[in-house]
Each structure stands twice: as structure tokens, then as C-alpha cells.
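*Asks:* Just need the structure, nothing else, for what follows:
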Amino acid sequence: MNTNTNTKFQSASLTSTVGDSTRFLVVKLTASQKLALLVAIAATLASLGIAIYTGWQSSGLLIERLIRIALIGVAVLFVHWLPAGLHELRGLVQVAAFTLWLVATLVVLHGQITFFMISQRHAGDLRVATIQTPSVPLMASSLSGRSRTDIAKEKTKVISDLARAQLQRCLGECTTLNVRRARLAAEIMALDAEADEAKRYEAMDDRRNSQADRVDELRASLRADPVAFSVATWIGVTEQCLAMVIGLAYAVVLEGTAVLGWIMVSAALGRTAGRNVVVSDSILGVLEHDPAVEIDSSRGVISNDDKLVERVRAAVVAGELQPTQFSIREFLGCGQPKAGRVNRLYVARYCSVNG
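*Replies:* Predicted structure coming up:
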């Protein structure tokens, strides 16, 4: 009677054990494998975010932006996930998939480099925006708007006129000639004053132009990445070329991290799935070779304790657990009463059958 009861419990919970082995694939990953999974997910999300930003910035109309984002997003997922499953393909299909992966990688790298170049330009613009442009009023070269050259020409003419007037002789009071001489002398004085004023304005223009040149130089230096500028000068290349190479390096690191992360996760999940299949096969072998066991598929619902007992049985068969109350408690992460109950059920169900 006890043997028949144990057999029913075993056959009823066999399907549940095999199903639970798949359900706990991720849970059974090691700490480093879980970290690889988190890194792969983070890298893929970051790459998708860059793809969305690049697609939005690289198009004009809304429909164009959405289509471009979709295309780059598909390329990102394809680049990240294909290497993990490439071994499943064979022959020409594998070659075609790898070729398509290379093309998709170029598309993704182009989007990544575009993002880094745009972000660097925006960072430079923000640094330039911190400069306070001095407000210097625009002024004419002199009050009359004439240059010092024009004033000098006119002064030369007035001096010549005054010289001729000085050489003229007249009889009597010579009022007209004296008035002309005085007027020409006054014009010369006025032209001297205008020339001095023009000289002062020209000096102010020179200072304003010099200040503007210094501001432009400061803006150019702030717009450039200081590290990239120094390195580009040192190795003898242009700053834009170096910035493109740095953007490519960032893109390769991000995409490579995502691809390697998914490959590691895929390999770990494959090993875990294979180990669970071996455990399930071992359980089937025990049931098939035990003459006291007959599969009874008529039972439907089983208790949670029965599921826990089968989990413990699978771990024991796989050599991962010792059938003791303390080990069962650590394995299930439960309290002492439940661990004791599961241990008693395990002993009653399997130890009696083995005996």
C-alpha cells in the first residue's frame, strides 16, 4: 500500500519537476552570469536609446524619424542577439546571416558615431554659451564719418589755399582777404581737431576688433574637446578626425559589451538547460527501472509539498544536494518546520522505496 502511494506521488509530480526545471533557469545562474545578463540588458538598452536619439536627429518629418528609429532599432537587436544563436544555423544560411550581421554592425556603428559627434558638438556649444560677449557700441571713424586720409587730403588743400592767400597783396584795409585768411586758418584748426577725433575712434575700433578676435579664439578653444585637441596636436591629426576615431571606439566598446554579454548568457542558459534535462532523464530512468513504480497519469492536482519534494529529489539525483534537513532548508530557503516536513516526506517516499 505504501509502495503504490509513493508511486502515484512520483508519477503525478514528474511533469511538474520537468516544468520547474525550465522555470528556474535564470534563478540557477551564478552571480557572475547574472551580472553578465544585467550588463547585456543595460548595453542593449543604451544602444537602443542612442539609436532612437540618432534617428530622431537625422530626419526631418515625423514619419521619417519613426521609420529611421525602427530600422536602427531592428539593426541593434539583430547585431546583439545573432551571435548568440549563430551556431544554430548551418551552411549557406550561416554565411548569409554572418554577412548580414556585418552590414548591420556598420549601420549601428554609423549611428553610434553620429551620436557621439553630435553630443560633442552640443557640449562645445554649451561651453561657448558661458562666455559673456562684451557689448561695444559701433561708432563711426569720426564725427563727420570721414577717415583720417580724407581729412588729411582736405587739410592739404586748405593749407595750400591759405598759403596763396598769404602771398596776396592788397591796398587799404584788405578786409576781404583778411577774412579769407582767418577762415582758412580756422578750417585748418577744425581739420586738426577732426583728425584727432578720427584717430581716437580708430584706436577704439582697433581695441574692439582685438577684443572680438580674442573672444573668437576663446570660443574656438572651448568648443573643442580639450583632451582631444591636445592629443590631436600631439599626434599630428585634425581634431575632427580624432573625435571620429574616439566615437568609433566608444561604439565598439558598447556594442561589443552587449554582444559578448548575450553570448555569455546564452551559453550559461544552455548549460543550465542541459543540466536540467540530464536530471529529468535520471528521474525517468529511476522510474522506468524500479519495478515498484508504475506511471499513473490519472492524478491531477498535487500539493506544494509534493512539488518541493520532487525538487529535492531532482537535486539529490543530480548530486547537488544531500538529503538532510539542514541541506533541504538551505536549498529551499524556507523555515525549519517546512524543511522538516519536506524531509519526512522525502524519506517516506524514496528511502522506503529504495529499501
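
*Asks:* lowest average confidence, helix or strand, in this protein?
*Replies:* In the chain, no helix or strand scores lower on mean pLDDT, DSSP states H and E than helix 2-23, which sits at a mean of 43.

*Asks:* Distance of L218 relative to P337?
*Replies:* 75 Å (CB to CB, to the nearest Å). C-beta coordinates here come from the backbone N, C-alpha and C atoms, glycine included.

*Asks:* what comes up buried for stretch 91-110?
*Replies:* 97, 101, 104-105, 107-110 (16 or more other CB atoms under 10 Å).

*Asks:* how about these in TSV, adding distance to L77?
*Replies:* Below are these laid out as TSV (distance: CB to CB, whole Å):
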residue	distance to L77
A97	14
W101	12
A104	9
T105	12
V107	12
V108	10
L109	15
H110	16
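
*Asks:* Who are the contact partners of V76?
*Replies:* 44, 47-48, 51, 108 (CB atoms under 8 Å, 6 or more residues apart in numbering).

*Asks:* mind putting those in JSON lines, secondary structure included?
*Replies:* Formatted as JSON lines, the contacts of V76 follow (DSSP: H, G, I helix; E, B strand; the rest coil):
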{"residue": "T44", "secondary structure": "helix"}
{"residue": "S47", "secondary structure": "helix"}
{"residue": "L48", "secondary structure": "helix"}
{"residue": "A51", "secondary structure": "helix"}
{"residue": "V108", "secondary structure": "helix"}
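
*Asks:* can you list those in JSON lines and add pLDDT?
*Replies:* Formatted as JSON lines, the contacts of V76 follow (pLDDT from 0 to 100):
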{"residue": "T44", "pLDDT": "89"}
{"residue": "S47", "pLDDT": "88"}
{"residue": "L48", "pLDDT": "90"}
{"residue": "A51", "pLDDT": "86"}
{"residue": "V108", "pLDDT": "87"}
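
*Asks:* G55: what's it in contact with?
*Replies:* Taking CB under 8 Å, 6+ apart as the test, what G55 contacts is 65, 68-73, 111.

*Asks:* Buried ones only from those residues, please, as a ChimeraX command.
*Replies:* Per 16+ other CB under 10 Å, the buried members of the contacts of G55 correspond to this ChimeraX selection:
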select :65,68,69,72,73,111
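
*Asks:* can I get the contacts of G55 in CSV with distance to K307?
*Replies:* What follows is the contacts of G55, written out as CSV (distance: CB to CB, whole Å):
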residue, distance to K307
R65, 51
R68, 50
I69, 45
A70, 43
L71, 46
I72, 45
G73, 40
G111, 48
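
*Asks:* so of the contacts of G55, which ones are in helices?
*Replies:* 65, 68-73, 111 (DSSP state H).

*Asks:* just for the stretch 201-350 of the chain, where's the confidence low?
*Replies:* Where the stretch 201-350 of the chain drops to pLDDT under 70, the residues are 221-229, 270-300, 302.
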